[in-house]
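In: Quick one: sequence and predicted model below, then my questions.
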Amino acid sequence: MSSTVASRLDRDPQARARATGLLIAAVVLWPMLVLAEFRPAALFEAGNLQVMKGFLSSFMPPSTSIEFLGLLLQATLQTLAIATAGIALSFLIAVPLALAVTHSLSVSRIGPGRGRWRGEGVRVVVRMLLALLRAIPEVVWALVFVRALGLGPGAGVLALAITYGGMLGKVYAEILESGDTRPARALLEAGSGRLAALFYGLVPGAAQELASYTVYRWECAVRASVVMGFVGAGGLGQLMDQSMKMLNGGEASTILLMFLVLVMLADLLSAALRRLLA
Amino acid sequence: MTLSLDNIGLVHPNGQRALQRVSLALRSGERVAVIGPSGAGKTSLLRVIASSLRPSEGRVDTLSVNPWQLSAHALRQLRSRIGFIHQAPPIPPRLRVVTAVLAGRLGHWPTWKALLSLAYPGDIAGAREALQRLDLADRLFDRCDQLSGGQLQRVGIARVLYQQPELLLADEPVSALDPSLADAAVGELVAHGNAHGATLVASLHAVDLALKWFPRIVGMRSGEVSFDLPATQVTRAMLHQLYATEGSVLPTQGNDPGALPTHRAEGRSTAKIVPLSRPGCR
């Protein structure tokens, strides 16, 4: 009797939950792969290889004509401007929303005190707003704004600001939540305001993560501005759209190389910022 | 009464009971040490007093008001008058010492001043003065992750001294300090309480430290108050009973049995406030 009690006590009580989780993951993942027609072997069938080779060889050699490089430079600057302005605007949207949904900055949760349910309600509503902002892809917003504002980068900036505001707000809140939240709580417990608790309690520990996620989003914004360019929102995308329509693979590959440069630039920027904040 | 707890009970959300039937009344300016074995509910008690935990039963009046009936604004103002020294200082490692200390006044500063102080420290002299009392003034512009555990704990104390609270709560404030520093640091807390007329409640692991500096001792065990007496009336037998679950040796600062009560009346009267910053201390 006592030995069965002892052997039960020596068991990991959470083991069953872990095993169940693993099983559910496998059961869910398998039909997903089937539905997505995931058959990597098809890539290497002779006919398919031939088609891909033909497509890719039209990209060689990259175009280096002076006239095109001038256009490329102009479009690159425009893309950078769209991405940077879009991220700056989305940052302005994201910060107050993140501040509102971060649990560890909630004063009414301490205790818990008065107004707790009202606070929870506000957080749910803001969380839904964040989901709404990022649920609609930026390219759809771009289509809408191109109709409203006409062709050009302005539509791209607005589209980025809205979608990325939703993404940044959600992830900022999650980054702030995942670090050590006791400093902020201790400050709130000593009567500090939310904004002061954010900057004295949470940001010092999360600054690196916040900076690198923001730079990563800027990188994504550069890529997204390409897709939006296809619907007329300016920048490298619009240039690429024109090259593709003229079946000029060389120009397209020069544009792709420029992307590579921009992504590497984002990497350098991110690393430099992280070093600065370390 | 600056503080009164009336039949307080506290059950944590996970169902664990931390406090039951705790009643306590403190006059303004009083000094009380809370002692007891680990898990006795000392931290929970301090957090209830600090209005950071809401009791499940009973009534609490902190600084003569019931915090849980105040508006959000009034509660914030009340909290800014309460200082809490945490056992593990809740200070982000990347913060500079000066910023960590100045954060003590965030409850009093308007937001613009708090944010401006991140760009350029708002009261360097004040922070230096608070650190001076804990012999850390030379670390003013260092980052907190460059400090040792004991130094960080002293920064946590300096923050609360800088806050100048009317009610000073300290949860094992000197657990990471060696005996002489611990003694001096508790001395600073007492000196601060005397200078500002602040009420001081401290939980202490070291019984000798509690008996030396505090005229009133509350012994806690299993979430209940097992005695609440003037320090002069606390006997060795009571202490042994209190710490029965932790073996036969009483937890002390210097492992000096002579510091414990048998004839402890004169031991206390010799207690003086020793400033921390004495020559040759570092």
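Out: In hand now; what should we look at?

In: remind me which residues of the chain are low pLDDT?
Out: Picking chain A for this. Applying pLDDT under 70 to chain A picks out residues A:1-6.

In: Chain B, not that one
Out: For chain B, the stretches with pLDDT under 70 are B:1, B:254-282.

In: Can you tell me which residue is spatially central in it?
Out: In chain B, the centroid-proximal residue (Cα atoms, centre = their mean) is B:A170; its distance is 1.0 Å.

In: That one: helix or strand, and which one exactly?
Out: Using DSSP states H and E, B:A170 sits in strand B:167-171.

In: Residue of chain A closest to chain B, please.
Out: A:G191 (2.8 Å; Cβ to the nearest Cβ). For glycine as for every other residue, the C-beta is placed from the backbone atoms N, C-alpha and C.

In: Remind me what whichever helix or strand comes after the strand holding B:A170 packs against, helices and strands.
Out: Moving toward the C-terminus from strand B:167-171, the next helix or strand (DSSP H and E) is helix B:179-196. Judged by 3 or more Cβ pairs under 8 Å, 6 or more residues apart in numbering or on different chains; DSSP states H and E, the packing partners of helix B:179-196 are helix B:149-163, strand B:167-171, strand B:199-203, helix B:207-213.

In: Chain A: which of those is closest?
Out: Using Cβ to the nearest Cβ, those put helix B:149-163 closest to chain A, at 6.6 Å.

In: now for that closest one, which elements pack on it?
Out: strand B:82-85, helix B:97-102, helix B:124-132, strand B:167-171, helix B:179-196.

In: Looking at these, spot the one closest to B:T245.
Out: B:T245 lies closest to strand B:167-171 among those, at 20.2 Å (Cβ to Cβ).

In: Quick check, A:L143 in contact with A:V231.
Out: Yes - between A:L143 and A:V231 there is a contact at 5.3 Å, judged by Cβ atoms under 8 Å.

In: Point out the other elements, helices or strands, that the longest helix seen in chain A touches.
Out: The longest helix of chain A (DSSP state H) is helix A:66-101. The contact analysis (3+ Cβ pairs under 8 Å, 6+ apart) places helix A:66-101 against helix A:116-135, helix A:153-178, helix A:203-230, helix A:235-245, helix A:249-277.

In: related to what we said a few turns ago, distance of the residue nearest to the centre of chain B from A:S104?
Out: According to Cβ to Cβ, to the nearest Å, B:A170 stands 24 Å off from A:S104.

In: Tell me the residues of the stretch 51-200 of chain A that contact chain B?
Out: For the stretch 51-200 of chain A, the residues in contact with chain B (Cβ under 8 Å from any Cβ of the partner chain) are A:107-108, A:110-115, A:180, A:182-183, A:185-193, A:195-197, A:199-200.

In: at 10 Å instead, please
Out: Residues of the stretch 51-200 of chain A found near chain B (Cβ under 10 Å from any Cβ of the partner chain) are A:107-108, A:110-116, A:119, A:179-200.

In: quick check: domain ranges of chain B?
Out: Taking automatic domain parsing as the reference, chain B has its domains at B:3-81+B:165-269, B:93-159.

In: how about these, which one is nearest A:D267?
Out: The nearest among those, by Cβ to Cβ, is domain B:93-159 at 23.1 Å.

In: what's the span of that closest one from first residue to last?
Out: This stretch, domain B:93-159, spans 15 Å end to end (Cα to Cα, to the nearest Å).

In: Relative to the whole chain's centre, how far out is that domain?
Out: 18 Å (Cα atoms, centre = their mean, to the nearest Å).

In: Equivalent analysis for stretch A:249-259, please.
Out: Chain-centre distance of stretch A:249-259: 24 Å, with Cα atoms, centre = their mean.

In: Kindly format the C-alpha coordinates of it as PDB.
Out: Taking Å, rounded to 0.1, in the frame of the first residue of the first chain, the C-alpha atoms of stretch A:249-259 are listed here in PDB:
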ATOM      1  CA  GLY A 249      14.200  38.800 -66.300                       C
ATOM      2  CA  GLY A 250      17.600  40.600 -66.100                       C
ATOM      3  CA  GLU A 251      16.000  43.700 -64.600                       C
ATOM      4  CA  ALA A 252      14.000  41.600 -62.200                       C
ATOM      5  CA  SER A 253      17.100  39.800 -60.900                       C
ATOM      6  CA  THR A 254      18.800  43.200 -60.400                       C
ATOM      7  CA  ILE A 255      15.900  44.200 -58.300                       C
ATOM      8  CA  LEU A 256      16.000  41.000 -56.300                       C
ATOM      9  CA  LEU A 257      19.700  41.600 -55.700                       C
ATOM     10  CA  MET A 258      18.800  45.100 -54.300                       C
ATOM     11  CA  PHE A 259      16.400  43.300 -51.900                       C
END
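
In: Give the buried residues for it.
Out: A:249-255, A:258-259 (16 or more other Cβ atoms under 10 Å in any protein chain shown).

In: if we look at it, which residues are touching it?
Out: A:55-65, A:68-69, A:71-73, A:75-76, A:79, A:219, A:222-223, A:226, A:236-237, A:239-244, A:246, A:248 (Cβ atoms under 10 Å, 6 or more residues apart in numbering or on different chains).

In: Show me the one of the helices and strands packed on helix B:179-196 that comes nearest A:V157.
Out: When the helices and strands packed on helix B:179-196 are compared (using Cβ to Cβ), the closest one is helix B:149-163, at 43.6 Å.

In: could you give the angle of that closest one to helix B:124-132?
Out: 130 degrees (axes from the mean of the first three to the mean of the last three Cα atoms, to 10 degrees).

In: Determine how far helix B:149-163 lies from the middle of the whole chain.
Out: Offset of helix B:149-163 from its chain centre (Cα atoms, centre = their mean): 11 Å.

In: So what angle separates the directions of that helix and strand B:167-171?
Out: Using the same axes, to 10 degrees: helix B:149-163 against strand B:167-171 is 170 degrees.

In: by contact count, what packs against the strand holding B:A170?
Out: strand B:31-35, helix B:42-49, strand B:82-85, helix B:149-163, helix B:179-196, strand B:199-203 (3 or more Cβ pairs under 10 Å, 6 or more residues apart in numbering or on different chains; DSSP states H and E).

In: could I get that strand in PDB with only the CA atoms?
Out: Output of strand B:167-171 as PDB, limited to C-alpha atoms (Å, rounded to 0.1, in the frame of the first residue of the first chain):
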ATOM      1  CA  LEU B 167       4.900  53.700   6.100                       C
ATOM      2  CA  LEU B 168       8.000  51.800   5.500                       C
ATOM      3  CA  LEU B 169       7.600  48.000   4.900                       C
ATOM      4  CA  ALA B 170      10.700  45.800   4.500                       C
ATOM      5  CA  ASP B 171      10.600  42.200   3.500                       C
END
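
In: Quick check: buried residues in it?
Out: B:167-171.

In: What parts of the stretch 101-250 of chain B come near chain A?
Out: By Cβ under 10 Å from any Cβ, the part of the stretch 101-250 of chain B that sits against chain A consists of B:102-115, B:117-118, B:143-144, B:156, B:159-160, B:163, B:165.

In: Give me the buried entries from those.
Out: Buried among these by 16+ other Cβ under 10 Å: B:102-109, B:114, B:117-118, B:143-144, B:156, B:159-160, B:163, B:165.

In: List the residues that contact whichever residue of the stretch 101-250 of chain B sits closest to chain A.
Out: At 2.8 Å from chain A, B:G107 is the closest residue in the stretch 101-250 of chain B, using Cβ to the nearest Cβ. Residues in contact with B:G107, defined by Cβ under 10 Å, 6+ apart, are A:187-193, A:196, B:76-83, B:114, B:163, B:165.

In: swap the cut-off to 8 Å and go again
Out: Contacts for B:G107 (Cβ atoms under 8 Å, 6 or more residues apart in numbering or on different chains) come out as A:190-192, B:76-77, B:79-81, B:163.

In: where's it, which helix or strand?
Out: Applying DSSP H and E, one finds B:G107 in no helix or strand.
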